[in-house]
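In: Fold the following, please.
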Amino acid sequence: MLDSINVSHIFVFDQEKALDFYVGKLGLEVSNDTNLGFMRWLTVRAPGDPSHDILLEVPAPPGMDQKSAEQVRELISKGASGFAAGFSTSNIKKTAEELKAKGVEFTSELTEHEYGSDIGIRDPFGNHIRIVQFAPTSHQLGPKQAAKR
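Out: Below is the predicted model of the structure:
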């Protein structure tokens, strides 16, 4: 059976602009940047976490035909992609302040929940992202994080 997620993707329209946002503003690191000839394989990940990469994928051939790519771009631009990615932080208030200072668009302000505190942001393309600081008692922390507390 499956053990883990090693790569997922987020559709972006411009990989350089995506780098500015995901690396420059969110603080992720580039894990792979390879020209495959038919496409650029550009992945990012949380610093020091080699277990999960996110492919910053341009909706275009060869992954889909041009008409479908146009439809995907239109839907993402409208925010219709739904939830694109979720990240965690150990200090949500500081993270929110830093992102505001960098001009990141917020879709929801800092909110307290039973599982912890979170914020909602949007990338330059329309993808919705959540950032959470899990409560110390949250089952969502998982065994690795709970053991650190």
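In: what's the helix or strand for the nearest residue to T111 once chain neighbours are set aside?
Out: Spatially, and ignoring its direct neighbours in sequence, T111 is nearest to D118 (6.1 Å; CB to CB, 6 or more residues apart in numbering). Where C-beta positions appear, they are placed from N, C-alpha and C, glycine not excepted. Here D118, judged by DSSP states H and E, is contained in strand 116-122.
In: Which strands or helices does that strand pack on?
Out: helix 92-101, strand 105-113, strand 128-134 (3 or more CB pairs under 8 Å, 6 or more residues apart in numbering; DSSP states H and E).
In: Let's see it as CSV, backbone CA atoms only.
Out: The C-alpha coordinates for strand 116-122 follow below in CSV (Å, rounded to 0.1, in the frame of the first residue of the first chain):
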residue,chain,number,x,y,z
GLY,A,116,-6.0,25.5,16.1
SER,A,117,-5.8,28.9,14.3
ASP,A,118,-5.7,29.6,10.6
ILE,A,119,-5.7,32.1,7.8
GLY,A,120,-6.7,32.0,4.2
ILE,A,121,-4.7,33.5,1.4
ARG,A,122,-4.8,33.5,-2.4
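In: partners of it in the sheet?
Out: Strand 116-122 has the following sheet partners, assigned by DSSP bridges: strand 105-113 (antiparallel), strand 128-134 (antiparallel).
In: what does the shortest one contact?
Out: The reference is to strand 128-134. Defining contact as CB atoms under 8 Å, 6 or more residues apart in numbering, one finds that strand 128-134 is touched by 79, 81-92, 95-96, 107, 115-123, 140-141, 145.
In: again, only using 6 Å
Out: Among residues not part of strand 128-134, those counted as contacts by CB atoms under 6 Å, 6 or more residues apart in numbering are 83-89, 92, 116-122, 140-141.
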